[in-house]
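Asker: Here is a sequence together with a model predicted from it:
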Amino acid sequence: MRLARGVLAGCAPYIWGGVAAVALMVMAWTGSERPGALSEYVASGLMKDIGPDQIRRVELNAAGQTPLRFVRESVAAGWHTATAEGLKPLDTIGTQKIVVLLNFLHNTAPERSIDISGMPLSSFGLDPQPVWQLTVAKSALQTAQPDLRIDFGKLNPIGLSQYTRNPANGGTNEILLLPAFVGEAVAALLPP
């Protein structure tokens, strides 16, 4: 009897390890059927129907500054700044700024939609001219119609969100609040 207890006591860690392994296998096998389990990610940003890799042109007009235009022929070709003299390749940091912005526009949902019927756009920094006007397009040609245009206004009073509007979507009665980090990604494209 004493010998059996000693042998069983020495096997206890292996027995508990086996029980834990079986429990983990059962959890893994049944885990996908639980309510509240992780589901497939779905983009919900203003550019949710357009993948960042599809964009070939980004234009930024900032009040009182020369408009900026960035283009690429393909993902492999990389981003270039379009100037009167021609195309100039962007450095790694400039390219990364555009990639971050496009990912934010694809993935970051507006926090809130506000109906501003009867309120002046100037209350939101969108009139007479927005702080920034951003357009993105799947075509690198300047004559092609943009796929998305966003007017960026001022920050909300607590500074965590920025007033924006998409003039092509519902006219002037709808203002969208985007997280401030999206506007910061736009501002990062501006020269210092």
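Answerer: Perfect, I can see it now.
Asker: so how far is the biggest strand by length in the chain off the chain centroid?
Answerer: In the chain, ranked by residue count with DSSP state E as the criterion, the top strand is strand 148-155. Shown here is strand 148-155, whose average C-alpha point lies 15 Å from the average C-alpha point of the whole chain (Cα atoms, centre = their mean, to the nearest Å).
Asker: give the contact list for residue 88.
Answerer: Remark: with contacts taken as Cβ atoms under 8 Å, 6 or more residues apart in numbering, residue 88 is in contact with 80, 81. Heads up, the C-betas are built off the backbone N, CA and C, glycines and all.
Asker: Okay, and it sits in which element?
Answerer: Element membership of residue 88 [criterion: DSSP states H and E] is strand 86-89.
Asker: elements contacting the helix or strand that that strand is followed by?
Answerer: Later in the chain than strand 86-89, the nearest helix or strand by DSSP H and E is helix 92-107. If contacts are counted by 3 or more Cβ pairs under 8 Å, 6 or more residues apart in numbering; DSSP states H and E, helix 92-107 sits against strand 57-62, helix 180-187.
Asker: okay, the angle between helix 92-107 and strand 148-155?
Answerer: Going by axes from the mean of the first three to the mean of the last three Cα atoms, to 10 degrees, helix 92-107 is angled at 100 degrees with respect to strand 148-155.
Asker: Could you figure out how far helix 92-107 is turned away from helix 180-187?
Answerer: An angle of 140 degrees separates the directions of helix 92-107 and helix 180-187 when computed by the same axes, to 10 degrees.
Asker: Check which residues of the helix or strand just after helix 92-107 are buried.
Answerer: Scanning the chain past helix 92-107 towards its C-terminal end, the next helix or strand to appear is strand 112-115 (assignment: DSSP H and E). The neighbour-count criterion (16 or more other Cβ atoms under 10 Å) identifies no buried residues in strand 112-115.
Asker: Give me the angle between whichever helix or strand comes after strand 112-115 and strand 57-62.
Answerer: Toward the C-terminal end, the helix or strand that comes next after strand 112-115 (DSSP H and E) is strand 132-137. Angle between the axes of strand 132-137 and strand 57-62 is 170 degrees (criterion: the same axes, to 10 degrees).
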